[in-house]
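Undergrad: Next one to model:
(one chain, ligands or ions: 2)
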Amino acid sequence: MDIDRCIQLASEVHHCPHCGTRLSCCEAPPFHIGDGLGWGSDVLFICLNDECSLFARSWEEFEERYGHSASCRYMLLPGEKTGQAMMVGSAQAFTGSIIDIEGMKKQNQRYHNEVRFTKELDTCVADKNLQPALCLVLDNCADLPTRNRACELLVDLNNLECIDPIRNHKFVHSEIEMAANIAIKQLLEKNHLKECPYCMEIIKAQAKVCKHCGKEV
Ligand SMILES: [Zn+2]
Ligand SMILES: [Zn+2]
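TA: Ligands and ions are numbered 1, 2, ... in the order given. From the prediction side, this is the model:
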């Protein structure tokens, strides 16, 4: 399901007819317990209140009728008016699959930025716009070939402001970190500069003493 739709669903407010608790929006399990069929939806609304009358009384009913430990939670499928009782094997079932709407919104924002910055890469050098290339280099979740390309563009962009954010970034992919380091090296050489190996400040390539830390380089 696309993320915009998922965020929209997760924002819907539904209440449990048994206890009045707001239903939690959870990821649907990959299959229907029992018949192996799909739910027809990626998310379900579920009452996760342990004090819910349906949930509390169903333990005994299951024990008496089927002789095994299970209960029911009230469950509503998106787009439906009335829900149904869904069997659960434990009180923890579904508590781990509650949709993290804030996380999802952030993920969505990141994705939209990636799409926009990727488009802007084509013109960023002409526009002297560091942002798209730098943001893509620093986005650990973005497409790797695009990030590699962004690293190369840093040299053409010739903006030394990219160095600090890259030096302070925690890269997940060592190949991107390497490409970014190569770009910084080329960028410095192009500008007849170097980094002091002791204090990491940028100094002239010909400098014999670092003007920041005073050490011989
Ligand atoms: Zn309830
Ligand atoms: Zn230094």
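Undergrad: where in this protein is pLDDT low?
TA: Counting by pLDDT under 70, the chain shows low-confidence ranges at 1, 31-38.
Undergrad: what does the longest helix along it contact?
TA: As assigned by DSSP state H, the longest helix anywhere in the chain is helix 101-124. Residues outside helix 101-124 that contact it (CB atoms under 8 Å, 6 or more residues apart in numbering) are 3-4, 6-7, 10-11, 25, 127, 129-133, 135-136, 139, 141-143, 146, 149-150, 153, 157. Quick note: C-beta positions are derived from backbone N, CA and C, even for glycine.
Undergrad: Just to be sure, residue 127 is in a helix?
TA: No: counting by DSSP: H, G, I helix; E, B strand; the rest coil, residue 127 is not part of a helix but coil.
Undergrad: Show the contacting residues for it.
TA: Residue 127 is in contact with residue 120, counting by CB under 8 Å, 6+ apart.
Undergrad: any residues touching whatever helix or strand comes next after the longest helix of the chain, and which ones?
TA: Downstream of helix 101-124, the next assigned helix or strand under DSSP states H and E is helix 130-138. If you take CB under 8 Å, 6+ apart as the criterion, helix 130-138 is touched by 113-114, 116-118, 120-121, 124, 142, 146-147, 150-151, 153-154, 157, 159, 161-162, 165-166, 169, 176, 180.
Undergrad: And the helices in this structure?
TA: Assigned by DSSP H, the helices in the chain fall at 3-11, 53-66, 101-124, 130-138, 144-157, 163-167, 174-190.
Undergrad: re earlier: and the angle from the longest helix of the chain to helix 130-138?
TA: Computed by axes from the mean of the first three to the mean of the last three CA atoms, to 10 degrees, the angle separating helix 101-124 from helix 130-138 equals 120 degrees.
Undergrad: and the contacts of helix 130-138, which are buried?
TA: Among the contacts of helix 130-138, those scoring as buried are 113-114, 117-118, 120-121, 124, 142, 146-147, 150-151, 153-154, 157, 162, 166, 169, 176, 180 (criterion: 16 or more other CB atoms under 10 Å).
Undergrad: could you check whether stretch 183-195 is close to ligand 2?
TA: No: Stretch 183-195 stays clear of ligand 2 (CB under 5 Å from the ion), getting no nearer than 8.5 Å.
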